[in-house]
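[1] Next one to model:
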Amino acid sequence: MARTRTARNPLLTAAAALALLAAGGAGWGGWSWYTAAHDESAAYATTRDEVLAAGEQAVQNLNTLDHRDLRRGLDTWQESTTGDLRRQLTEGRAGFERRIRQTRTVTAAEVLSGAVTELDTRAGRAGVMVALRVTVTPPEGRPAAKESRLLGELTRTPEGWKLSALGQAPVGTTPAD
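    Residues are numbered from 1 along each chain as shown. Have a look, this model is predicted:
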């Protein structure tokens, strides 16, 4: 009985192995991309970042106002808000304009830091805490800066996240021993 011997080409074997590795890598890469694109935690993180950016900007907007360009500043306030806060700003606008024109002040806010304190994507509500430095420049005299922490509530609207409430953050105290 004669035995036939077939010679194996080492280049062909190496090419087949590389093709198999490439197919496996492509499959793994595709699966990783798909799971990352459809991962709820990634979408949640993106929304959290959007809320923080919108919250910081809105809080800064509501603490910045120049008496020389009052209409634009107050329009920005209204564009940054929704709900009861927007209604309060709209209803009190005329009286506020008179007071600012009389005092002739310029306020400029700078966000020092911010954090999302709550986020409910299903309900379209969020909370932020923002630390600000607000510099008030009177018509005469030196500018004065004050730092504060504010708590804001945001509501998702068709135009994006808008500030729906804003107030001072409580300052914690420690009990005396």
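[2] Next, the buried residues of the helix or strand harbouring Ile100.
    Using DSSP states H and E, Ile100 maps to helix 93-103. In terms of neighbour count (16 or more other C-beta atoms under 10 Å), helix 93-103 has its buried residues at 93, 100. For the C-beta atoms, the positions are set from N, CA and C on the backbone; glycine is no exception.
[3] Tell me which residues are up against the following helix or strand past that helix.
    On the C-terminal side of helix 93-103, the closest following helix or strand by DSSP H and E is strand 106-120. Residues outside strand 106-120 that contact it (C-beta atoms under 8 Å, 6 or more residues apart in numbering): 44, 47-48, 51-52, 55-56, 59-60, 63-68, 125-137, 147, 151.
[4] Which other helices and strands does the helix holding Ile100 contact?
    When contacts are defined as 3 or more C-beta pairs under 8 Å, 6 or more residues apart in numbering; DSSP states H and E, helix 93-103 sits against helix 70-79.
[5] The protein: helices as residue ranges?
    Here the chain has its helices, by DSSP state H, at 10-37, 40-62, 70-79, 83-91, 93-103.
[6] Of those helices, which is nearest Lys162?
    helix 40-62 (6.8 Å; C-beta to C-beta).
[7] Just the C-alpha atoms of that closest one, please, in CSV.
    What follows is helix 40-62, C-alpha atoms only, in CSV (Å, rounded to 0.1, in the frame of the first residue of the first chain):
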residue,chain,number,x,y,z
GLU,A,40,-28.2,52.8,29.2
SER,A,41,-25.4,53.9,31.5
ALA,A,42,-23.6,55.7,28.6
ALA,A,43,-26.9,57.5,27.6
TYR,A,44,-27.4,58.4,31.3
ALA,A,45,-23.9,59.8,31.6
THR,A,46,-24.4,61.9,28.4
THR,A,47,-27.7,63.3,29.8
ARG,A,48,-26.0,64.0,33.1
ASP,A,49,-23.3,66.0,31.3
GLU,A,50,-26.0,67.9,29.3
VAL,A,51,-27.9,68.7,32.6
LEU,A,52,-24.7,70.0,34.3
ALA,A,53,-23.8,72.2,31.3
ALA,A,54,-27.3,73.6,31.0
GLY,A,55,-27.6,74.1,34.8
GLU,A,56,-24.3,75.9,35.2
GLN,A,57,-25.0,78.1,32.2
ALA,A,58,-28.5,79.0,33.4
VAL,A,59,-27.4,79.8,36.9
GLN,A,60,-24.6,81.9,35.5
ASN,A,61,-27.1,83.7,33.2
LEU,A,62,-29.4,84.5,36.1
